[in-house]
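# mind looking at a prediction? Sequence and model below.
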Amino acid sequence: MDLETTKISYSGKIKEITLGKGDKSITVGGEESYPFHLFEGKMPNLPRIAIEVYDSPPDDWPEAALEPFDGVTDDPVAWAKKCIDDYGADMICLQVVSTDPNGLDRGADEAGETVKKVADAIDVPLIVWGTANHDKDTEVLKKACEVCQDKSLIVGPLEEGDYKKIAASAMAYKHTIIASTPIDINLAKQLNILLENMGVPEQQIIMDPTVSSIGYGIEYCYSVMERIRMAALSQQDDKLQLPLICNIAKETWKTKEVKIPTKEEPNLGDIKKRGILMEAMSAMTLLLAGGDVIVMRHPEAIKLVREMITELTA
């Protein structure tokens, strides 16, 4: 007797948006069913992986995370090129951590110069990710939008406390906005409505639900992302029918589990493999929840995730 698989009928669809420009531009979204449910609906655009680059040498990364980028961590341009040439990055996520008021506190002009240099040196889409300090991000992201007005950047995070001025600059220079909210479906919808009321086209918005790694609340993140997808696909909520971006790399590699030496906790296994597997599992969990763009760090973790995507879509 043949077993017939029960299928869900979806009334909604995730909107497609294009990131970047030119031959290396990327289209994400377009799903007609829950993540990887290819037996129920189409998934025309597979999830994409952005490799993160810091605008200043990181001083808190574990050795395992630094090793693949040895010799380039003091040069964001060389770092970005290595990610593309050696590790096949679909996108680059430039983390402008040096602008953090609690860190180096670099100014918007200096940060803008770095963003421009990286944008000019690469041909894949460029994400510019701020520090979530409203005042500083407003200055820095506005400057990035201005100096890269012809580059079609993806800028964020835009939160309710700073979205107006940054969104205005992004619209003026035709960049994509990362609408970021703290793990809450209602707040995510509200920010999308506020951006729409400002006149931001939906084709220029990608949602950041805020994420965490395995062992640090990923279950709740998964639940919220799942509810966003359910509302978008099954409840015809057009305010939530937007692709999702997940900045998981730094959330994984800042955990204590990836930094404890093998000698101190041999039961945890090899420290290098531990970090790689933790990042890969966290990223894959978020893809299964509906992530369209995942920001990752370690090339071996990225390889594992790519293999899993291939297996699920073969």
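Received, thanks. All figures in this text were calculated on a predicted structure; none of them were measured in a lab. Residues are numbered from 1 along each chain as shown.
# following the helix of greatest length in the chain, which helix or strand comes up?
Scanning the chain for the longest helix, with DSSP state H as the assignment, gives helix 271-289. Under the assignment DSSP states H and E, the closest C-terminal helix or strand after helix 271-289 is strand 293-296.
# what segments of the stretch 201-314 of the chain are strands?
Remark: strands of the stretch 201-314 of the chain, listed N- to C-terminal, are 205-208, 245-247, 293-296; assignment by DSSP state E, counting those that start in this stretch.
# so which of those strands is nearest residue 67?
Comparing the strands of the stretch 201-314 of the chain by their distance to residue 67 (C-beta to C-beta), the top pick is strand 293-296, with 15.3 Å. Heads up, the C-betas are built off the backbone N, CA and C, glycines and all.
# picking that back up, CSV for the strands of the stretch 201-314 of the chain, including mean neighbour count?
Written out in CSV, the entries for those read as follows (neighbours: other C-beta atoms under 10 Å):
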stretch, mean neighbour count
strand 205-208, 24
strand 245-247, 28
strand 293-296, 26
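# would you turn the ones you listed into CSV with distance to residue 225?
Written out in CSV, the entries for these read as follows (distance: least, C-beta to C-beta, whole Å):
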stretch, distance to residue 225
strand 205-208, 9
strand 245-247, 8
strand 293-296, 12
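# of all the ones you listed, which one is nearest residue 65?
Between residue 65 and the strands of the stretch 201-314 of the chain, the shortest gap by C-beta to C-beta is with strand 293-296, which sits at 10.7 Å.
# what's the spacing between the closest one and its chain's center?
From the chain centre to the centre of strand 293-296 is a distance of 4 Å (C-alpha atoms, centre = their mean, to the nearest Å).
# go on, stretch 2-11?
Taking C-alpha atoms, centre = their mean, one finds stretch 2-11 lying 31 Å from the centre of the chain it belongs to.
# residues of it that come out buried?
Taking 16 or more other C-beta atoms under 10 Å as the basis for neighbour counts, the residues of stretch 2-11 that come out buried are residue 10.
# cool, and stretch 93-109?
Under the neighbour-count rule (16+ other C-beta under 10 Å), stretch 93-109 has 93-100, 106, 108 buried.
# reformat those as JSON lines; add pLDDT, distance to residue 244 and secondary structure.
As requested, the buried residues of stretch 93-109 are arranged in JSON lines below (pLDDT from 0 to 100; distance: C-beta to C-beta, whole Å; DSSP: H, G, I helix; E, B strand; the rest coil):
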{"residue": "93", "pLDDT": "98", "distance to residue 244": "15", "secondary structure": "strand"}
{"residue": "94", "pLDDT": "98", "distance to residue 244": "20", "secondary structure": "strand"}
{"residue": "95", "pLDDT": "98", "distance to residue 244": "19", "secondary structure": "strand"}
{"residue": "96", "pLDDT": "98", "distance to residue 244": "22", "secondary structure": "coil"}
{"residue": "97", "pLDDT": "97", "distance to residue 244": "23", "secondary structure": "helix"}
{"residue": "98", "pLDDT": "98", "distance to residue 244": "27", "secondary structure": "helix"}
{"residue": "99", "pLDDT": "98", "distance to residue 244": "25", "secondary structure": "helix"}
{"residue": "100", "pLDDT": "97", "distance to residue 244": "25", "secondary structure": "coil"}
{"residue": "106", "pLDDT": "97", "distance to residue 244": "30", "secondary structure": "coil"}
{"residue": "108", "pLDDT": "97", "distance to residue 244": "28", "secondary structure": "helix"}
